[in-house]
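*Asks:* Predicted coordinates and the sequence they were generated for:
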Amino acid sequence: MAKKLEQLVALLPQPVVRGRLDQTIAAVAHDSRKVVPGTMFFCLTGVHADGHDFVAEVARRGAVAVVVEKDVPEPPDAAITIIKVASTRTAMQAVVPCFYDYPGHKLRMIGVTGTNGKTTTTYLIRSILRQAAYKVGLIGTIQTLIEDRVLPVKNTTPDVIELQSTLAEMVDSGIDYAIMEVSSHALALNRVAGCEFDVGVFTNMTQDHMDFHQTFENYIDAKAGLFRSLSRPQNTKTGKAAVINFDDSAGVPMAGYSSCPVISYAVTNNAVLTAANIDVKSAGVSFDIHGPFGKRELKLSITGMFNVYNVLGAVGAALAEGVNPETIKQALEEFTSVPGRFELVQAGQPFTVIVDYAHTPDGLENVLRTAKQFAAGKILVVFGCGGDRDRTKRPVMGKLAVQYGDIVIATSDNPRSEDPEKILADIEVGIKEALAGNQAGKQYEKIADRRQAIARAIALAEPEDVVLIAGKGHETYQILADKTIDFDDRQAAREIIREMKKNG
Ligand SMILES: CC(=O)N[C@H]1[C@@H](OP(=O)(O)OP(=O)(O)OC[C@H]2O[C@@H](n3ccc(=O)[nH]c3=O)[C@H](O)[C@@H]2O)O[C@H](CO)[C@@H](O)[C@@H]1O[C@H](C)C(=O)N[C@@H](C)C(=O)N[C@H](CCC(=O)O)C(=O)O
Ligand SMILES: Nc1ncnc2c1ncn2[C@@H]1O[C@H](COP(=O)(O)OP(=O)(O)OP(=O)(O)O)[C@@H](O)[C@H]1O
Ligand SMILES: N[C@H](CCC[C@H](N)C(=O)O)C(=O)O
Ligand SMILES: [Mg+2]
């Protein structure tokens with residue numbers, strides 16, 4: 001992996017170099033805490049910190065070159081090369097894929113983007129490709145997987161250094177396919193520099209992340225980046241495809257961003273892949289999938305209309321890669337679940353408890369609609385909204401919870417630096433708006449403590465009811481202002497049910 005500094009600097013436009021270029025670069029980093037001897041360090045200006053403040057520290061740790069965009073004092077007694085560029089972020093994106101020998105050009109890469117359904121779709125594609133006997137890697141919200149080996153993650157799409165080093169590890173492990181979730185943040189910040197995608201999947205586009213993108217147009221434009229990248233002139237690989245949801249209003253424009261073949265999917269509109277005879281039950285959904293192969297009947301363990309879409313997207317990606325329809329059907333019918341997505345908590349209670357990662361208006365509406373399709377009793381919803389994230393979705397989610405639920409317990413998600421009561425007040429605006437309409441018999445409570453909120457819902461639940469605990473899905477922590485604590489909705493629900501049973 002080691003490279004000469006000279007070779008890496010040659011990738012930068014108009015660098016101003018102070019120091020030697022014959023150094024050997026053994027590692028790359030933008031976090032001072034990860035610097036080892038021989039590192040080339042990129043000083044990034046972030047929201048919380050500025051990498052330029054760590055030059056002396058990285059020199060002490062043995063960095064041999066730093067890339068800056070501002071003037072920094074030369075560290076004393078250190079033979080460190082200082083390279084000044086216009087943008088350190090762009091410089092890092094040019095250097096890092098080269099440092100790791102362009103692993104994103106060696107693997108076949110499938111990128112999935114959209115507001116909801118990315119994690120689920122990537123897991124479905126993974127199971128199909130594994131059924132077809134490929135060696136598969138996966139990068140996304142829950143974890144990174146290199147075959148069955150689990151690596152922890154911080155972001156849905158990691159920064160360029162973590163991403164390229166993971167892809168390099170996949171190349172070394174003989175992986176055929178890297179399937180990854182490509183978040184809008186990652187596209188806007190070009191964390192995916194150096195990735196040459198072969199297949200891009202677009203799931204859907206609804207409200208989220210307005211804090212980051214400011215406008216819906218910017219949000220769409222970020223997502224479009226994945227499809228523009230499929231037609232980059234310098235691409236080396238062949239057989240590209242864009243797999244696009246044509247029931248989403250952004251689908252057709254999204255298809256227009258790439259010049260490669262499009263595999264469309266839809267349930268209501270015309271498309272290459274469609275679904276019919278859809279039967280949503282709590283135990284799973286069954287439907288007929290129609291495509292160039294004709295028709296196949298599918299009987300799945302995952303459920304909900306939204307999962308019909310995720311399956312169609314996954315099938316599109318698999319067909320693009322030449323997997324045969326029988327293998328696809330077999331993999332899908334053996335697929336059981338994605339952690340924290342419509343996950344049932346079974347602790348012997350006479351009502352249904354579902355933990356789901358719905359944290360957007362569209363996600364919440366979809367999951368509530370699904371629960372309503374089979375609930376014999378009432379629907380109790382426990383949910384909150386993350387702090388330091390899109391505030392405009394809060395009242396919308398409050399309104400939806402009342403429209404679909406019978407009892408709503410608004411609580412904290414990950415409050416982060418925000419006051420939990422203020423977040424609840426934002427949600428309450430939508431709740432009250434809905435209650436002012438025709439929502440007789442509905443009730444709501446605000447309980448900031450998530451465990452207490454779950455306990456309250458479980459205490460109120462009667463046989464045949466459905467308790468939906470939404471927002472945190474697979475998460476095993478809760479991010480508070482001053483600390484992150486262990487917290488798992490599934491475990492909390494199980495413990496509460498057991499305690500209640502013990503106390504009669
Ligand atoms: C807005 C955003 O994307 N922020 C990301 C960004 O943080 P930042 O720019 O604020 O970094 P910072 O903490 O200010 O630090 C600046 C620089 O100083 C360096 N530093 C810092 C401290 C130190 O002691 N030494 C040091 O060298 C840092 O390594 C960094 O290079 O760079 C960090 C390192 O790569 C990311 O982890 C961080 O993601 C944060 C955790 C985050 O929450 N991002 C979310 C919004 C996000 O990206 N979400 C999407 C998913 C969305 C979805 O689809 O649902 C995702 O892909 O995860
Ligand atoms: N295709 C879909 N359309 C709408 N909602 C969906 C869809 N698929 C899943 N959901 C809902 O959204 C939640 C999140 O699903 P998933 O984790 O697959 O999405 P994601 O795009 O990876 O989310 P994130 O952006 O947070 O990583 C699910 O728990 C479910 O409630
Ligand atoms: N990828 C999403 C996850 C949100 C999950 C939810 N539990 C929250 O913390 O808001 C985000 O970073 O906005
Ligand atoms: Mg995800």
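*Replies:* Arrived safely, thanks for sending. Ligands and ions are numbered 1, 2, ... in the order given.

*Asks:* Quick check: the residue of this structure nearest ligand 3.
*Replies:* G386 (2.0 Å; Cβ to the nearest ligand atom). Where C-beta positions appear, they are placed from N, C-alpha and C, glycine not excepted.

*Asks:* quick one, what contacts that residue?
*Replies:* Contacts for G386 (Cβ atoms under 8 Å, 6 or more residues apart in numbering) come out as H359, D413, N414, P415, R416, G471.

*Asks:* Who wins on neighbours among those residues?
*Replies:* Among those, G471 has the most neighbours (other Cβ atoms under 10 Å), with 27 neighbours.

*Asks:* Could you pull up phi and psi at it?
*Replies:* Dihedral angles of G471 (phi, psi; degrees, to the nearest 10) stand at phi 110, psi -30.

*Asks:* Would you confirm that it contacts F383?
*Replies:* Yes - assessed by Cβ atoms under 8 Å, G471 is found in contact with F383 at 5.1 Å.

*Asks:* Find residues that contact each of these two.
*Replies:* With Cβ under 8 Å, 6+ apart, G471 and F383 have common neighbours A358, D413.

*Asks:* where exactly do the strands run in the stretch 51-200 of the chain?
*Replies:* 65-68, 81-84, 108-113, 136-139, 144-146, 149-151, 177-181, 199-202 (DSSP state E, counting those that start in this stretch).

*Asks:* One more: the stretch 351-500 of the chain?
*Replies:* So, for the stretch 351-500 of the chain - with DSSP E, counting those that start in this stretch - the strands run 352-356, 379-383, 407-410, 443-446, 466-470, 477-479, 484-486.

*Asks:* Serialize the ones you listed to JSON lines and add fields for distance to A241.
*Replies:* Shown next, in JSON lines, are the strands of the stretch 351-500 of the chain (distance: least, Cβ to Cβ, whole Å):
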{"stretch": "strand 352-356", "distance to A241": "30"}
{"stretch": "strand 379-383", "distance to A241": "36"}
{"stretch": "strand 407-410", "distance to A241": "42"}
{"stretch": "strand 443-446", "distance to A241": "46"}
{"stretch": "strand 466-470", "distance to A241": "33"}
{"stretch": "strand 477-479", "distance to A241": "37"}
{"stretch": "strand 484-486", "distance to A241": "40"}
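
*Asks:* Distance to G291 and mean pLDDT for these - can I get that in CSV?
*Replies:* Below are the strands of the stretch 351-500 of the chain laid out as CSV (distance: least, Cβ to Cβ, whole Å; pLDDT from 0 to 100):
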stretch, distance to G291, mean pLDDT
strand 352-356, 29, 96
strand 379-383, 35, 98
strand 407-410, 40, 98
strand 443-446, 44, 96
strand 466-470, 33, 97
strand 477-479, 41, 98
strand 484-486, 45, 98
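
*Asks:* What residues sit buried inside stretch 262-271?
*Replies:* Neighbour-count burial for stretch 262-271 flags V262, I263, S264, Y265, A266, V267, A271 (criterion: 16 or more other Cβ atoms under 10 Å).

*Asks:* Can you pick out the most distant pair from these?
*Replies:* Taking Cβ to Cβ as the measure, the buried residues of stretch 262-271 span a maximum distance of 17.2 Å, between V262 and V267.

*Asks:* so what's V243 up against?
*Replies:* V199, G200, V201, F202, V262, I263, S264, Y265, G313, G316, A317, A320.

*Asks:* Format the strands of the stretch 351-500 of the chain as TSV; extra columns: mean neighbour count and distance to V16.
*Replies:* Compiled in TSV, the strands of the stretch 351-500 of the chain are given as follows (neighbours: other Cβ atoms under 10 Å; distance: least, Cβ to Cβ, whole Å):
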stretch	mean neighbour count	distance to V16
strand 352-356	25	52
strand 379-383	26	52
strand 407-410	26	54
strand 443-446	16	56
strand 466-470	26	52
strand 477-479	17	40
strand 484-486	9	41
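
*Asks:* Out of these, which is closest to G430?
*Replies:* Nearest to G430, of those and by Cβ to Cβ, is strand 407-410 at 9.6 Å.

*Asks:* Within range of ligand 3, give me the residues from this protein.
*Replies:* Residues of the chain lying close to ligand 3 (Cβ under 6 Å from any ligand atom) are T156, H359, G386, R389, D413, N414, G471, K472, E475.

*Asks:* Just the closest of these to ligand 1, please.
*Replies:* Looking across the residues of the chain next to ligand 3 and measuring by Cβ to the nearest ligand atom, the closest to ligand 1 is T156, at 3.5 Å.

*Asks:* Double-check the closest one against T141; I have them as touching.
*Replies:* Yes - T156 lies in contact with T141 (Cβ under 8 Å); the separation is 4.5 Å.

*Asks:* Which neighbours do these two have in common?
*Replies:* K118, T119, E181.

*Asks:* so which of these comes closest to V408?
*Replies:* Looking across the shared contacts of T156 and T141 and measuring by Cβ to Cβ, the closest to V408 is T119, at 25.5 Å.

*Asks:* Number of residues surrounding the closest one?
*Replies:* 24.

*Asks:* Where does the prediction get shaky in the chain?
*Replies:* 77-78, 207-210, 213, 232-236 (pLDDT under 70).

*Asks:* and T476, backbone torsions?
*Replies:* Dihedral angles (degrees, to the nearest 10) for T476: phi -110, psi 20.

*Asks:* who's in contact with it?
*Replies:* D486, F487, D488.

*Asks:* let's see it at 6 Å
*Replies:* By Cβ atoms under 6 Å, 6 or more residues apart in numbering, the contact set of T476 is D488.

*Asks:* Now do it against A457, distance only.
*Replies:* Distance, T476 to A457, by Cβ to Cβ, to the nearest Å: 20 Å.

*Asks:* if I look at E6, how far off is G194?
*Replies:* Taking Cβ to Cβ, one finds E6 at 20 Å from G194.

*Asks:* With A168 instead?
*Replies:* 10 Å.

*Asks:* and if you look at E421?
*Replies:* 44 Å.

*Asks:* Ok, I146 next?
*Replies:* 18 Å.

*Asks:* Which residue comes closest to whatever residue of the stretch 401-504 of the chain ends up closest to ligand 1 once chain neighbours are left out?
*Replies:* Closest contact between the stretch 401-504 of the chain and ligand 1, by Cβ to the nearest ligand atom, is at R416 (8.9 Å). Spatial nearest neighbour of R416, chain neighbours left out: G387 (3.7 Å); criterion: Cβ to Cβ, 6 or more residues apart in numbering.
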